[in-house]
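Engineer: Sequence and predicted structure below; questions after.
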Amino acid sequence: MPALYSARRAASTRRAALPLLLRFPSFSTDRAMIADCREHAMTNAESKQQSKPQTAITPTRADNYAEWYQQVVRAADLAENSPVRGCMVIKPWGYAIWEHMQRVLDGMFKATGHVNAYFPIFIPVSFLEKEAAHVDGFAKECAVVTHHRLTADKNGKLIPTGELEEPLVVRPTSETIIGASFAKWVESYRDLPLLINQWANVVRWEMRTRLFLRTAEFLWQEGHTAHATADEARVETMKMLDVYADFAENFMAMPVIKGQKTEGERFPGAVDTFCIEAMMQDRKALQAGTSHFLGQNFAKASDIKFLDQSGTLQHAWTTSWGVSTRLVGALIMTHSDDDGLVLPPKLAPAHVVIMPVLHKPETAQQVMDYCQSLAKELRGLTYAGVPVRVELDTRDIRGGDKVWGWIKKGVPIRVEVGPRDMEADSVFMGRRDKGHKEKSAVKRADFLASVTAILDEIQNSLFERAKAHRAQHTQKVETKDELVRYFTPKKAGSDNEPTEIHGGFALARFAMDAAAEAKLKDDLGVTVRCIPLEGSDDPGPCVLTGKPATKRVVFAKAY
RNA sequence: CGGGGUGUAGCUCAGCUUGGCUAGAGCGCUUGCUUCGGGAGCAAGAGGUCGCAGGUUCAAAUCCUGUCACCCCGACCA
């Protein structure tokens, strides 16, 4: 199918060609003429396209990364825009990915002693006001509920009435509302630690939105804990950061750098913010999870106090940590290719899709039975601690559409089973981490015996590939000039053209000078993504100021 | 929020500059036949408040004003 992008190119060719032709009176605006002209344009575009391998997604990543991302989301049927500005509808295939993320993470939270609870979506504005930095950080992007009733006017229009005494903010985060509960729940050191997690939706009224990456409403998980000592809270903060890194690398197959945020990038109200940062295929950084040591800031704001063993009343030490549906966006941008979504097996809604080839009616039933039994046996197997997830695609559509549909949806293993395979007692297998033509016949028994190992192999190959990509685009930078050069595209994007893919992670010494950091952001759009927790010690002159620095930090453009 | 762009069938778009027959194409969809290890071929058919609201006009997809949504570049932003 000559999809969107080539069609657009053809359109622009057409536009250029038309006026010339129309000058000749004999040609007039004849329909046939236009059609003819259109065909010419098409042929040109097509012949141009044939020089490149054809891909299921247009444009390709290299041609227009942002547009490619949107097309992958659509081709894989993950989500779509909703009638509500900035909000998305998460479709079943996209939501299934999130459900698997939730399942795995929830297990990890439980294993580290946390329990789930739920708190109100509405937060009185007075709560948000309690912590000064918090107010500054979130005030600009809050949705506010001011009325509690609708009244129909003469024309049947619904008008909000019944103004609330105190406006309610739709939660952008829950520190303050959970703090109010914690204050009631904590009296003694015996009540601590308090280890709570909440799965919820939050709203941040963003200016510019992108499916999964930044939407006005999104789904997330927020952990909130209270401890008797600063040390214990710090240990908790780091423990959950480790959980996130473990999840990112071992389930999402997405390599991450664990690090600390600079002052400028810190969570409003936190003492220290830690994060995991990943590199997307356009070499931009994406913050994939955060864990905050909140000190006693929120305990003081919410009055979370306890009597310690010596009978002294003191404020508790709290933490908070979260990951969101943004991870789905991270997953897409880490692994997907120009043929669509690529899913790491551990989070794929389906591990294996079986596609019966049912051309001959006389063998159709047999092939179906064969596939059914194969599906049943596969489901009896265990991969990564859960039953193998199998999709049996019996839809009566053309084979090619079926195959490409599943390629675009990113299913790790595809098997086609026709009469010939059945007779040979084998299946025809393709893997999403390899080319779509690299398919091979495998004996049914061998397939069953090796399928979980193959899934592991795919999981690992995706991780290795992502690591190699990051390594390829990470480099040490010693001077300001070099830094500027590294982050300056060769060809600047015009008003409507996206900027070319460039840069990456620059590891450079930084003296933690907030003003210099802010200026860099203004000039180049580059920020300090994090101060890596490991291997960042390397004394020398700061890349921005020349002042003595002790560490190398990660500079990058970011989502 | 500033600059630019786009909104016409399920999707991608043409038509708009210069207003004028019943608003078109490709893909998709439905039906039939052919084909069948593959992103099929032929034929017939269904499908459109031209984003929305005003205005100009004998006449508006086309011109004007407003408005909404989306995209790109910024600003903002865990």
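Structural biologist: Nice, I can see it.
Engineer: what residue is smack in the middle of chain A?
Structural biologist: A:G329 (2.3 Å; Cα atoms, centre = their mean).
Engineer: Ignoring the adjacent residues along the chain, who's closest to that residue?
Structural biologist: A:F212 (3.5 Å; Cβ to Cβ, 6 or more residues apart in numbering). Using the backbone N, CA and C atoms, a C-beta is placed for each residue, glycine as well.
Engineer: Wasn't the one you found part of a strand?
Structural biologist: No - according to DSSP: H, G, I helix; E, B strand; the rest coil, the state of A:F212 is coil, so it is not within a strand.
Engineer: re earlier: state the mean pLDDT of the helix or strand the residue nearest to the centre of chain A falls within.
Structural biologist: Assigned by DSSP states H and E, A:G329 belongs to helix A:326-335. Taken as a whole, helix A:326-335 carries a mean pLDDT of 96.
Engineer: need the residues of the stretch 101-250 of chain A near RNA strand B, please.
Structural biologist: With Cβ under 7 Å from any atom of the strand as the criterion, the stretch 101-250 of chain A meets RNA strand B at residues A:G137, A:K140, A:E141, A:T173, A:R204, A:E206, A:M207, A:R208, A:T209, A:R210, A:L211, A:R214.
Engineer: Buried only: go through those residues for me.
Structural biologist: By neighbour count, with 16 or more other Cβ atoms under 10 Å, those hold A:G137, A:T173, A:R204, A:T209, A:R210, A:L211, A:R214 as buried.
Engineer: can you pull the contacts of the closest residue to A:K443 other than its chain neighbours?
Structural biologist: Leaving aside its chain neighbours, A:K443 sits nearest to A:S426 (4.9 Å; criterion: Cβ to Cβ, 6+ apart). Neighbouring residues of A:S426 by Cβ atoms under 8 Å, 6 or more residues apart in numbering: A:A441, A:V442, A:K443, A:R444, A:F447.
Engineer: which SS class is A:F447?
Structural biologist: Quick answer, by three-state DSSP: A:F447 is helix.
Engineer: Now, the residues of the stretch 101-250 of chain A next to RNA strand B that are in helices?
Structural biologist: Residues from these lying in helices, with DSSP state H as the criterion: A:G137.
Engineer: would CSV of the residues of the stretch 101-250 of chain A next to RNA strand B with distance to A:A248 and pLDDT be doable?
Structural biologist: Below are these laid out as CSV (distance: Cβ to Cβ, whole Å; pLDDT from 0 to 100):
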residue, distance to A:A248, pLDDT
A:G137, 25, 87
A:K140, 29, 84
A:E141, 26, 87
A:T173, 21, 94
A:R204, 22, 91
A:E206, 23, 86
A:M207, 27, 81
A:R208, 25, 83
A:T209, 23, 87
A:R210, 20, 90
A:L211, 20, 92
A:R214, 19, 91
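Engineer: Could you list the low-pLDDT ranges of the stretch 351-500 of chain A?
Structural biologist: A:491-497 (pLDDT under 70).
Engineer: just the strands in it please.
Structural biologist: A:352-356, A:382-383, A:386-387, A:390-392, A:413-417, A:426-431, A:440-443, A:474-476 (DSSP state E, counting those that start in this stretch).
Engineer: Below-threshold pLDDT in the stretch 151-300 of chain A: ranges please.
Structural biologist: In the stretch 151-300 of chain A, residues with pLDDT under 70: A:155.
Engineer: one more time with 90, if that's ok
Structural biologist: Applying pLDDT under 90 to the stretch 151-300 of chain A flags the ranges A:151-163, A:205-209, A:263-265.
Engineer: Name the residues of the stretch 351-500 of chain A found near RNA strand B, please.
Structural biologist: A:355, A:357, A:359, A:397-401, A:403-404, A:416-422, A:428, A:493, A:495-499.
Engineer: what's around A:I159, how many residues?
Structural biologist: 10 (other Cβ atoms under 10 Å).
Engineer: partner residues bridging it?
Structural biologist: Counting by DSSP bridges, A:I159 forms beta bridges with A:T151.
Engineer: In the residues of the stretch 101-250 of chain A next to RNA strand B, find the pair that's most separated.
Structural biologist: Using Cβ to Cβ, the pair of those lying farthest apart is A:G137 and A:L211, separated by 24.4 Å.
Engineer: Now stretch A:452-471 - C-alpha only, PDB.
Structural biologist: Only the C-alpha atoms of stretch A:452-471 are listed here, as PDB (Å, rounded to 0.1, in the frame of the first residue of the first chain):
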ATOM      1  CA  THR A 452      10.500 -20.400  25.600                       C
ATOM      2  CA  ALA A 453      14.200 -20.300  24.900                       C
ATOM      3  CA  ILE A 454      13.500 -18.400  21.700                       C
ATOM      4  CA  LEU A 455      11.400 -15.900  23.600                       C
ATOM      5  CA  ASP A 456      14.300 -15.500  26.000                       C
ATOM      6  CA  GLU A 457      16.600 -15.000  23.000                       C
ATOM      7  CA  ILE A 458      14.400 -12.300  21.600                       C
ATOM      8  CA  GLN A 459      14.200 -10.600  25.000                       C
ATOM      9  CA  ASN A 460      17.900 -10.600  25.200                       C
ATOM     10  CA  SER A 461      18.600  -9.600  21.600                       C
ATOM     11  CA  LEU A 462      16.300  -6.600  22.000                       C
ATOM     12  CA  PHE A 463      18.200  -5.500  25.200                       C
ATOM     13  CA  GLU A 464      21.600  -6.000  23.600                       C
ATOM     14  CA  ARG A 465      20.500  -4.100  20.500                       C
ATOM     15  CA  ALA A 466      19.300  -1.200  22.600                       C
ATOM     16  CA  LYS A 467      22.500  -1.200  24.700                       C
ATOM     17  CA  ALA A 468      24.600  -1.100  21.500                       C
ATOM     18  CA  HIS A 469      22.600   1.800  20.200                       C
ATOM     19  CA  ARG A 470      23.100   3.700  23.400                       C
ATOM     20  CA  ALA A 471      26.800   2.900  23.500                       C
END
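Engineer: Tell me the bridge partners for A:E80.
Structural biologist: Beta-bridge partners for A:E80, by DSSP bridges, are A:V89.
Engineer: re earlier: how much space separates the residue nearest to the centre of chain A from A:M101?
Structural biologist: 12 Å (Cβ to Cβ, to the nearest Å).
Engineer: likewise A:L211?
Structural biologist: 16 Å.
Engineer: Near the nearest residue to A:T262 once chain neighbours are set aside, how many other residues are there?
Structural biologist: Nearest non-adjacent residue to A:T262, counting by Cβ to Cβ, 6+ apart: A:V528, 4.8 Å away. Using other Cβ under 10 Å, A:V528 has 26 neighbouring residues.
Engineer: Also A:W205?
Structural biologist: Neighbour tally, A:W205, other Cβ under 10 Å: 17.
Engineer: Phi first, then psi, for it.
Structural biologist: A:W205 adopts backbone torsions of phi -80, psi 80, taken as degrees, to the nearest 10.
Engineer: Who are the contact partners of it?
Structural biologist: A:G86, A:E141, A:C142, A:A143, A:A216.
Engineer: out of these, which are buried?
Structural biologist: For the contacts of A:W205, buried by 16+ other Cβ under 10 Å: A:G86, A:C142, A:A216.
Engineer: What lies in contact with the helix holding A:G329?
Structural biologist: Against helix A:326-335 from outside (Cβ under 8 Å, 6+ apart): A:69, A:72-73, A:76, A:78, A:94, A:97-98, A:101, A:210-214, A:218, A:248, A:252-254, A:278, A:280-282, A:286, A:288-289, A:341-344, A:347, A:410, A:462, A:465-466, A:559.
Engineer: can you pull out the helices in the stretch 401-550 of chain A?
Structural biologist: Here the stretch 401-550 of chain A has its helices, by DSSP state H, counting those that start in this stretch, at A:419-423, A:444-472, A:480-486, A:514-524.
Engineer: Turn those helices into JSON lines, columns for mean neighbour count.
Structural biologist: Shown next, in JSON lines, are the helices of the stretch 401-550 of chain A (neighbours: other Cβ atoms under 10 Å):
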{"stretch": "helix A:419-423", "mean neighbour count": "17"}
{"stretch": "helix A:444-472", "mean neighbour count": "17"}
{"stretch": "helix A:480-486", "mean neighbour count": "15"}
{"stretch": "helix A:514-524", "mean neighbour count": "14"}
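Engineer: possible to save those as JSON lines with distance to A:M240?
Structural biologist: JSON lines is the format used below for those (distance: least, Cβ to Cβ, whole Å):
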{"stretch": "helix A:419-423", "distance to A:M240": "48"}
{"stretch": "helix A:444-472", "distance to A:M240": "22"}
{"stretch": "helix A:480-486", "distance to A:M240": "32"}
{"stretch": "helix A:514-524", "distance to A:M240": "26"}
